[in-house]
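Colleague: Pasted the sequence and its predicted model underneath.
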Amino acid sequence: MHAITRVRHELKRRQLVVRSVEPVTPLMLRVVFSGDDLADFTSLGPDDHVKMFFPVAGGDPAMRDFTPRAFDPVARTLTIDFALHDAGPASDWAKAARPGDGLMVGGPRGSLVVAPDFDWWLLIGDEAALPAMGRRVTELPAGIPVTTLACVSGPAEEQRFDGACCLESLWVHRPLASADNPRALLSALRALPWPSGDGFVWIAAEAKVARALREHVLSERGHPPAWLKASGYWVKGVADGRETFD
Ligand SMILES: Cc1cc2nc3c(=O)[nH]c(=O)nc-3n(C[C@H](O)[C@H](O)[C@H](O)COP(=O)(O)OP(=O)(O)OC[C@H]3O[C@@H](n4cnc5c(N)ncnc54)[C@H](O)[C@@H]3O)c2cc1C
């Protein structure tokens, strides 16, 4: 019951070409890549990540982690959603991306496959987590209760997640400059009734925020650690920052 399995994949680098660039919201850009190198691409987990190699003038490429938001094996297309922010090789590259641009992508190296047989799911995160949250909603089975609690900079940044699950989508707002302040998500989380039965809780956000949310779920809600995955997807003020807690 509730099998949680790590699957490793052969590590490969693939040369891809931008097929299209479309805004999802003003600060979230969807880039669809294509390429024959995608023929054997595998992504089994909605929170898998690929390493993307962004060109840096006069230096080695900058590697950053991104979620395969969608993959179409027939069309050989890989969709990545970029949360835009002030500056950084990935965000800067996405803002300037045009069809025909090339980019090297590595991985995914592995997948965490969580059996979808939980009674309920709670997915919490900020902008960087929305691609993984959206993909999970798409992939969970019909009728299963799923709550998403997401933090963005305002109503214009809210997006619609499509799926067959029974979805309750909650949004809270804070300025991006306060993205390392857990207050907005934490008070919304405190106000949530905790369902009975076995649930899986997934958290990804700026590291300080993810840490505070994880602490609440484990200490105040007494949720089993085995049924929680929490990650710091980025660290305010740190280039290529991330944190894992378990
Ligand atoms: C497993 C995993 C999956 C991820 N998937 C996605 C994804 O699908 N889409 C996505 O957009 N991001 C995703 N991220 C987060 C992304 O890797 C980071 O945001 C990354 O730091 C962006 O690189 P950059 O070159 O733009 O900025 P960096 O050079 O890394 O950082 C420059 C500055 O920008 C700040 N910064 C970085 N990210 C953000 C942000 N999101 N908001 C505000 N300020 C920021 C940093 O604190 C730093 O001060 C994921 C991270 C992990 C660990």
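Modeller: Yep, it's here. Numbers count the residues shown, from 1 in each chain.
Colleague: List the residues that contact the residue of the chain found nearest the ligand.
Modeller: Nearest to the ligand in the chain, going by CB to the nearest ligand atom, is residue 88, at a distance of 2.2 Å. Where you see a C-beta, it was placed from the backbone N, CA and C, and this is true even at glycine. When contacts are counted by CB atoms under 8 Å, 6 or more residues apart in numbering, residue 88 touches 64, 239.
Colleague: would you put the C-alpha positions of the strand ranked longest in the chain in PDB?
Modeller: Secondary structure of the chain per DSSP state E: the longest strand is strand 13-25. Extracted in PDB, the C-alpha atoms of strand 13-25 (Å, rounded to 0.1, in the frame of the first residue of the first chain):
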ATOM      1  CA  ARG A  13      22.100  15.100 -22.600                       C
ATOM      2  CA  ARG A  14      19.800  16.200 -25.400                       C
ATOM      3  CA  GLN A  15      20.100  19.100 -27.900                       C
ATOM      4  CA  LEU A  16      16.700  20.700 -28.300                       C
ATOM      5  CA  VAL A  17      15.200  23.500 -30.300                       C
ATOM      6  CA  VAL A  18      12.500  26.000 -29.200                       C
ATOM      7  CA  ARG A  19       9.300  25.400 -31.100                       C
ATOM      8  CA  SER A  20       7.100  27.900 -29.400                       C
ATOM      9  CA  VAL A  21       7.100  30.500 -26.600                       C
ATOM     10  CA  GLU A  22       3.700  31.600 -25.000                       C
ATOM     11  CA  PRO A  23       2.900  33.300 -21.800                       C
ATOM     12  CA  VAL A  24       0.800  31.300 -19.300                       C
ATOM     13  CA  THR A  25       0.500  34.400 -17.100                       C
END
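Colleague: Quickly check: it near the ligand or not.
Modeller: No: using CB under 6 Å from any ligand atom, strand 13-25 never reaches the ligand; the gap is at least 10.7 Å.
Colleague: which other residues reach that strand?
Modeller: Counting by CB under 8 Å, 6+ apart, 29-35, 37-38, 41, 53, 77-78, 81, 94, 97-106, 152, 156-159 sit against strand 13-25.
Colleague: Among the residues you listed, which lie within helices?
Modeller: residue 94 (DSSP state H).
Colleague: ChimeraX command for the buried members of the contacts of strand 13-25?
Modeller: Command for ChimeraX that selects the buried part of these, burial taken from 16 or more other CB atoms under 10 Å:
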select :29,30,31,32,33,34,35,37,38,41,53,77,78,81,94,97,101,103,104,105,152,157,159
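Colleague: Now go through the contacts of strand 13-25 and say which are in strands.
Modeller: 29-34, 53, 77-78, 81, 102-106, 152.
Colleague: What residues does the chain have near the ligand?
Modeller: So the chain meets the ligand at 49, 62, 64-67, 81-83, 85, 88-91, 127-128, 131, 176, 179, 233-242 (CB under 6 Å from any ligand atom).
Colleague: Select only the buried ones of those in ChimeraX?
Modeller: Buried members of the residues of the chain next to the ligand, defined by 16+ other CB under 10 Å, are picked up in ChimeraX with:
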select :49,62,64,65,66,67,81,82,83,88,89,90,91,127,128,131,176,179,233,234,235,236,242
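Colleague: and the closest residue to residue 113 other than its chain neighbours, what helix or strand is that in?
Modeller: Nearest residue to residue 113, sequence neighbours excluded (CB to CB, 6 or more residues apart in numbering): residue 5, at 4.8 Å. Per DSSP states H and E, residue 5 falls inside strand 4-8.
Colleague: Which neighbouring elements make contact with that strand?
Modeller: Strand 4-8 makes packing contacts with strand 110-114 when contacts are defined by 3 or more CB pairs under 8 Å, 6 or more residues apart in numbering; DSSP states H and E.
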